[in-house]
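Undergrad: give me coordinates for this.
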Amino acid sequence: MDSITSYIETNKERFLNELIDLLKIPSISADSAYKNDVKTTAEAVKTQLELAGCDVVEIHPTKGHPVVYGEKIIDKNLPTVLVYGHYDVQPPDPMDLWDSEPFNPIIKPTDRHPEGAIFARGACDDKGQMYMHVKALEYMVKEQKLPCNVKFMIEGEEEVGSEHLADFIKANRDKLQNDVILISDTGMIAKDVPSITTGLRGLSYVEVEVTGPNRDLHSGLYGGAVANPINILSKMIASLHDENNHITIPGFYDKVEELSNEERAKMAEAPFSLDKYKASIDIDAVYGEEGFSTNERNSIRPTLDVNGIWGGYIGEGAKTVLPSKAFAKISMRLVPNQDWQEITQLFKTHFENIAPKGVRVKVNPHHGGQGYVTPIDSKGYQAASKAYEKTFGKTPIPQRSGGSIPIVSLFEQELKSKTILMGFGLDSDAIHSPNEHFGVWNYLKGIETIPWFYKYFTELNN
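TA: Next comes the predicted model:
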């Protein structure tokens, strides 16, 4: 496997150019206007899997966007690794906050990536990290270093909740059978501090609508006498947290996993600078649930956040109206043991109950998923740890993530296998935000590290 570094150096420019071509396609799954672009991206992924060495590659239509499946089976008696990733991306809005075009990738240096980073929507989440696995397979096949079987399941709906992937998995259990699932859709602590994500938060995502009068009204003639949906919605949202930033929905915390003092102390050993954290996002103070550190608030504690709010007149100049409707999109990040469907119902019941007379409230659930914790004593985790040790020269730190990959818990339920989360992004890579990027060094380091996982996982299973 030591030839991987020279292989990467020889093919570095090609690896970067291929990823850039993939990033140019605006595969925005949330917007139907980009349906053909999503399909084009699936076809591009299929082509690259074929070129990398898969013997079978298929595009499977779903009721939404297609799933790309590929496999390279060298011996059915050997272990099988199933790689999961997604080729769809978040919408790039707000466009005016990008320093460059989101679908016209450029490479430029940053403080954390002096060797350069690829700036584009999807660079880190998840096209860049998914494509590391394709190039790792290419190396193992061409250099005859593939030690076990590999399968790929690359979907196009992760950013909209993987709505149709469950049906695909249930219909293809035999095809997808594996010994471990490998995902790179997370990050690590720092370039010199590798880490393996051992936990993901769950997610409940809803949209709320508050309706008052049957039309927009003159704010002078009706203001003060009729309930204003924006005012009401703002008050209702504000009431969802108390003075300690504790969520006020009855029953919300009933099943929250409480970590021991020992576990919290272990988490606190991970390198973290609060000053650098604040500076990286240009804030002068952190904010959150009383009694917990910043790293605990964004990983082991549940949250409730407004992702968007609108209503009334928002155009240029003034228009004195009392709006008929107000809307908000709200996401709740959940910790293990919290069931996303139960939390969604608790939210719906509570939000409807706190609505005052004079307005009507509608709660529309969008999507969600369960949290997940992977054991650190599994063969998959041990193989990943040894792989990082080989390429980084140090043992990775287990770390819980604040993010969600809702489909991971379904993998274990339907395929009966554990998931290993080997991410190579950094928290500064601006995923879901303007100026998303992925370090060139991180991209190539992922390609270097992944083949070692295959080697060690195969050895541990022999």
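
Undergrad: ranges for the strands of the stretch 1-150 of the chain?
TA: 56-60, 67-72, 80-86, 106-108, 117-119, 149-155 (DSSP state E, counting those that start in this stretch).

Undergrad: between the ones you listed, which one is nearest to Asn461?
TA: strand 80-86 (10.0 Å; C-beta to C-beta). Where C-beta positions appear, they are placed from N, C-alpha and C, glycine not excepted.

Undergrad: from the contact counts, what lies against the closest one?
TA: In terms of contacts (3 or more C-beta pairs under 8 Å, 6 or more residues apart in numbering; DSSP states H and E), strand 80-86 is packed against helix 127-142, strand 149-155, strand 180-183, helix 440-460.

Undergrad: still on that earlier bit, can you redo the strands of the stretch 1-150 of the chain as CSV with distance to Thr5 and mean pLDDT?
TA: Below are those laid out as CSV (distance: least, C-beta to C-beta, whole Å; pLDDT from 0 to 100):
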stretch, distance to Thr5, mean pLDDT
strand 56-60, 28, 98
strand 67-72, 22, 98
strand 80-86, 22, 98
strand 106-108, 21, 98
strand 117-119, 20, 98
strand 149-155, 21, 98
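
Undergrad: those strands: which one's closest to Leu274?
TA: strand 117-119 (24.2 Å).

Undergrad: how about residues contacting that closest one?
TA: 16, 19-20, 23, 99-100, 105-110, 123, 128, 429, 435-440, 443 (C-beta atoms under 8 Å, 6 or more residues apart in numbering).

Undergrad: show me what contacts Thr344?
TA: Thr344 neighbours (C-beta under 8 Å, 6+ apart): Ser204, Val206, Pro365, Gly368.

Undergrad: next one: Gly446
TA: Gln129, Met132, Ala136, Ser184, Met422, Phe424.

Undergrad: same question, Ile249
TA: Leu240, Leu304, Leu346, Phe347, His350.

Undergrad: ok, now Glu155?
TA: His65, Val67, Val68, Tyr84, Gly85, His86, Tyr87, Asp88, Ser162, Leu165, Phe168.

Undergrad: just name the shakiest helix or strand of this protein by mean pLDDT.
TA: Every helix and strand of the chain was ranked by mean pLDDT, DSSP states H and E. The lowest is helix 261-267, at a mean of 83.

Undergrad: can you list contacts of the helix or strand following it?
TA: Heading C-terminal from helix 261-267, the first helix or strand you meet, by DSSP states H and E, is helix 274-280. For helix 274-280, contacts defined as C-beta under 8 Å, 6+ apart pick out Asp284, Ala285, Val286, Thr294, Asp427, Ser428.

Undergrad: quick one: least confident of those residues?
TA: Lowest pLDDT among those: Asp427, with 89.

Undergrad: wait, it sits on Gly187?
TA: Yes - using C-beta atoms under 8 Å, Asp427 makes contact with Gly187 at a distance of 5.9 Å.

Undergrad: quick one, helices of the protein?
TA: Under the criterion DSSP state H, helices of the chain are mapped to 4-23, 35-52, 127-142, 165-171, 219-222, 229-238, 261-267, 274-280, 294-297, 340-353, 379-392, 408-415, 440-460.

Undergrad: tell me which of those sits nearest to Leu78.
TA: Smallest distance to Leu78 across the helices of the chain (C-beta to C-beta): 6.6 Å, for helix 440-460.

Undergrad: convert the C-alpha atoms of the closest one to PDB, please.
TA: Output for helix 440-460, consisting of C-alpha atoms alone and laid out as PDB, is shown next (Å, rounded to 0.1, in the frame of the first residue of the first chain):
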ATOM      1  CA  VAL A 440      -6.700  20.100  -1.500                       C
ATOM      2  CA  TRP A 441      -4.500  18.500   1.200                       C
ATOM      3  CA  ASN A 442      -7.600  17.000   2.900                       C
ATOM      4  CA  TYR A 443      -8.900  15.600  -0.400                       C
ATOM      5  CA  LEU A 444      -5.700  13.900  -1.200                       C
ATOM      6  CA  LYS A 445      -5.100  12.700   2.400                       C
ATOM      7  CA  GLY A 446      -8.500  11.000   2.300                       C
ATOM      8  CA  ILE A 447      -7.600   9.200  -0.900                       C
ATOM      9  CA  GLU A 448      -4.300   8.100   0.800                       C
ATOM     10  CA  THR A 449      -6.000   6.900   4.000                       C
ATOM     11  CA  ILE A 450      -9.000   5.000   2.700                       C
ATOM     12  CA  PRO A 451      -7.000   2.100   1.100                       C
ATOM     13  CA  TRP A 452      -5.400   1.400   4.400                       C
ATOM     14  CA  PHE A 453      -8.900   1.000   6.000                       C
ATOM     15  CA  TYR A 454      -9.600  -1.800   3.400                       C
ATOM     16  CA  LYS A 455      -6.300  -3.500   4.200                       C
ATOM     17  CA  TYR A 456      -6.700  -3.400   8.000                       C
ATOM     18  CA  PHE A 457     -10.400  -4.300   7.900                       C
ATOM     19  CA  THR A 458      -9.600  -7.400   5.800                       C
ATOM     20  CA  GLU A 459      -6.800  -8.500   8.100                       C
ATOM     21  CA  LEU A 460      -9.000  -8.100  11.200                       C
END
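
Undergrad: below-threshold pLDDT in the stretch 1-150 of the chain: ranges please.
TA: Within the stretch 1-150 of the chain, not a single segment meets pLDDT under 70.

Undergrad: which among the contacts of Ile249 count as buried?
TA: Taking 16 or more other C-beta atoms under 10 Å as the criterion, what is buried in those is Leu240, Leu304, Leu346, Phe347, His350.

Undergrad: now pLDDT too, for the residues you listed, in a markdown table please.
TA: Output for the buried ones among the contacts of Ile249, formatted as a markdown table (pLDDT from 0 to 100):
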| residue | pLDDT |
| --- | --- |
| Leu240 | 98 |
| Leu304 | 98 |
| Leu346 | 98 |
| Phe347 | 98 |
| His350 | 98 |
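
Undergrad: what is the nearest of the residues you listed to Thr391?
TA: Leu304 (38.8 Å).

Undergrad: partners of that closest one in the sheet?
TA: Met332 (DSSP bridges).

Undergrad: and the residue of the chain most remote from its centre, how far is that from Ser299?
TA: For the chain, the largest distance from the centre (C-alpha atoms, centre = their mean) belongs to Leu221, which lies 47.4 Å off. Here the distance between Leu221 and Ser299 works out to 51 Å (C-beta to C-beta, to the nearest Å).

Undergrad: then Asn214?
TA: 45 Å.

Undergrad: more neighbours: which of the two?
TA: Set Asn214 next to Ser299 and count neighbours by other C-beta atoms under 10 Å: Ser299 wins out with 22 against 7.

Undergrad: grab the nearest non-local neighbour of the more buried one.
TA: Once flanking residues are discounted, Ser299 sits nearest to Arg400: 4.2 Å by C-beta to C-beta, 6 or more residues apart in numbering.

Undergrad: residues contacting the one you found?
TA: Thr197, Thr198, Gly199, Leu200, Met267, Ser299, Ile300, Val373 are the contacts of Arg400 under C-beta under 8 Å, 6+ apart.
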